[in-house]
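> Task: produce atomic coordinates for the following.
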Amino acid sequence: HVQRARELFKTRTAQEWEDLVAEAGSECAVCRTSTEWFDHPQARESNMVIEVGDPVYGPMLQPGINARLSGTPGEVRRPAPKPDQHRVEVLSELETRPRPVSSSLISTMRSALEGVRVLDLCIILAGPTCGRTLAEFGADVIKIDNPARGGFVQSHNDVNRGKRSILLDLKSGEGRDIFWQLVDTADVVAQNYRAGKLEKLGLGYEDVRKRKPDIVYASLNAYGHLGPWATRPGHEQFAQATTGMQRRFGGDGQPSLQPNPVNDYGTGFMGAYSVALALLHRQRTGEGQHVDSALAYTAMTLQSPFMQRYEGKQWDETRGQDALGSGPLHRAYQARDGWVFIGAKAADLPRLASVEGLNGGGIASLSGTALEQALAQQFLTNTVDHWVSQCIAAGIGAHRCILDLPELMHDPWVADHELSATREHDEIGLVTTCGPAPRLSATPVRIGRPAPKPGSDAADILAEIGLEHRLDELIASGVIRLDGVAAG
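Predicted coordinates:
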């Protein structure tokens, strides 16, 4: 079947297939280069690509704003400044700016988002990651899922931890009535359905804001909410394909998928960031707003070091499956018993040349390919631990390359810093998941309870809106479900 599909796709151009599949309402994207994406109507009309007047390079195309807020939009206010360009301006402000008045009212919060309630309607990865992140910083996140779904994706125990779960049929009138009562208690609604799907149910942003004017409504999708592709479906692989990520990762060979869903998770984080900004604005003004982000926006953001186009640009960045780093002083080298990554600048070369085992190789006088080859030969002569300890002692960044994911997840340092957690999950047993990375000293992040069995919090959630007496009736009618949906 795979071979037949390959032969079939060769009968038309990539652009023809993209157009045909889009007309059929499904997902397809040409694997473009980054420079091709810069000229694409979707990139331009959605402002994923913007033009900046750089003082050195002149007119330059760069990634636009990722997090979009309808009421308080962000903007690239100026190009990157020259070093020390605003020194006089900044120092003069110290003399004229009034000192802040200290407040006598001190509010103690256990979590940064304590008291914020989120209704999470999201599916797959990006949207649920937004809700999970808000939960980690203290929000009460109610995960609302479709009771007709036969099972949850494997990531459920990762992206739905810290939330409460209810299986609620929003296609039914009774289900929507319950949703509206929950909206009355909520601060945020988050969803990542295809554009127009919730609007058909009367649950889009304009519908919700009529009921709750100060609501913060987050929408995440594949290509953004502006431009000709605003209504197109898509997921991780398509954002990678169309923005040049797969071509870059594949190098000179065929396009290759970045195996980690970086755009899904990155868009979830940017969605949470957008919500936090909107909540700050609401706190100051009382106004809610619509916020959004997209997988393709995030693909641009993550490739920002390469996503700059100007006259004379050389597209010579590190690329391909065989790339071990960006240069001889910033790459992985094979040692006697594993791999070690070093990070140094050209000015650090004398210190690197003084490392025991490297000091006889004459590397201080080398550069480019010759330096890379000499280092590759020298690193093979000793162990990873030797090189790491000796390089660090000389002031050179070095770390063992961990190639085994379970080893990383169970590493004592990782576990001690709660970057991974192994806990009991309902009906599954022990599951190891990643922990949250950002840390706040005054309002610490919490990983939250393990992801609940889907639907298991329905009774408590209904009780909070005075509907606990209707639980049996709603279960009997199929509006709510308590079991039968498996969590992966």
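> Pull out the buried residues from the lowest-mean-pLDDT helix or strand in the chain.
Every helix and strand of the chain was ranked by mean pLDDT, DSSP states H and E. The lowest is helix 87-96, at a mean of 84. For helix 87-96, the neighbour count (16 or more other CB atoms under 10 Å) marks no residue as buried. Glycine gets a C-beta too; all of them are placed from N, C-alpha and C.
> Parallel or antiparallel, list what pairs with the following helix or strand past that helix.
For helix 87-96, the following helix or strand on the C-terminal side (DSSP states H and E) is strand 117-120. Sheet partners assigned to strand 117-120 using DSSP bridges are listed as strand 140-145 (parallel), strand 188-191 (parallel).
> Show me which residues of the very next helix or strand once past the last one are buried.
So the one you mean is strand 188-191. Using DSSP H and E, the helix or strand that follows strand 188-191 in sequence is helix 197-200. Buried positions in helix 197-200, judged by neighbour count with 16+ other CB under 10 Å: residue 198.
> What number of residues are in the vicinity of residue 341?
Using other CB atoms under 10 Å, the number of residues around residue 341 comes to 17.
> Throw the strands paired with strand 117-120 into CSV and include mean neighbour count and distance to residue 177, thanks.
Formatted as CSV, these follow (neighbours: other CB atoms under 10 Å; distance: least, CB to CB, whole Å):
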stretch, mean neighbour count, distance to residue 177
strand 140-145, 24, 13
strand 188-191, 26, 16
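> which one of those lies closest to residue 337?
With CB to CB as the criterion, residue 337 lies closest to strand 140-145 of these, at 44.9 Å.
> gap between the least confident helix or strand of the chain and the chain center?
37 Å (CA atoms, centre = their mean, to the nearest Å).
> With stretch 33-52 instead?
20 Å.
> Pretty sure residue 401 sits against residue 334.
No: at 9.2 Å, residue 401 does not count as touching residue 334 under the criterion of CB atoms under 8 Å.
> Was I right to think residue 178 contacts residue 468?
No: if you go by CB under 8 Å, residue 178 and residue 468 don't touch, sitting 11.9 Å apart.
> Need the overlap of contacts for those two.
Common contact partners of residue 178 and residue 468 (CB atoms under 8 Å, 6 or more residues apart in numbering): residue 462.
> which stretches of the stretch 101-250 of the chain form helices?
126-136, 156-159, 173-183, 197-200, 205-211, 236-242, 245-250 (DSSP state H, counting those that start in this stretch).
> of those helices, which approaches residue 60 most closely?
helix 245-250 (19.2 Å).
> re earlier: most tightly surrounded among the helices of the stretch 101-250 of the chain?
Mean neighbour count (mean count of other CB atoms under 10 Å) peaks for helix 126-136 among the helices of the stretch 101-250 of the chain, with a mean of 29.
> residues of the helix with the most length in the chain that come out buried?
If you go by DSSP state H, the chain has its longest helix at helix 262-285. Within helix 262-285, the residues that count as buried by 16+ other CB under 10 Å are 262-279, 281-282.
> Can you lay out the helices of the stretch 101-250 of the chain as a markdown table showing mean pLDDT and distance to residue 67?
As requested, these are exported to a markdown table (pLDDT from 0 to 100; distance: least, CB to CB, whole Å):
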| stretch | mean pLDDT | distance to residue 67 |
| --- | --- | --- |
| helix 126-136 | 96 | 11 |
| helix 156-159 | 90 | 19 |
| helix 173-183 | 97 | 23 |
| helix 197-200 | 94 | 20 |
| helix 205-211 | 97 | 16 |
| helix 236-242 | 97 | 16 |
| helix 245-250 | 96 | 20 |
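> Redo those as JSON lines? Include distance to residue 145.
As requested, the helices of the stretch 101-250 of the chain are arranged in JSON lines below (distance: least, CB to CB, whole Å):
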{"stretch": "helix 126-136", "distance to residue 145": "10"}
{"stretch": "helix 156-159", "distance to residue 145": "10"}
{"stretch": "helix 173-183", "distance to residue 145": "11"}
{"stretch": "helix 197-200", "distance to residue 145": "14"}
{"stretch": "helix 205-211", "distance to residue 145": "18"}
{"stretch": "helix 236-242", "distance to residue 145": "21"}
{"stretch": "helix 245-250", "distance to residue 145": "30"}
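> So which of those is nearest residue 447?
Among the helices of the stretch 101-250 of the chain, if distance is taken as CB to CB, the winner is helix 126-136, at 6.5 Å.
> Export the closest one to CSV, keeping only CA atoms.
The C-alpha coordinates for helix 126-136 follow below in CSV (Å, rounded to 0.1, in the frame of the first residue of the first chain):
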residue,chain,number,x,y,z
ALA,A,126,-1.6,21.9,21.7
GLY,A,127,-4.9,22.9,23.4
PRO,A,128,-4.7,20.6,26.3
THR,A,129,-1.1,21.7,27.0
CYS,A,130,-2.5,25.3,27.3
GLY,A,131,-5.0,24.1,29.9
ARG,A,132,-2.4,22.0,31.7
THR,A,133,0.0,24.9,32.0
LEU,A,134,-2.7,27.1,33.4
ALA,A,135,-3.5,24.4,36.0
GLU,A,136,0.2,24.1,37.0
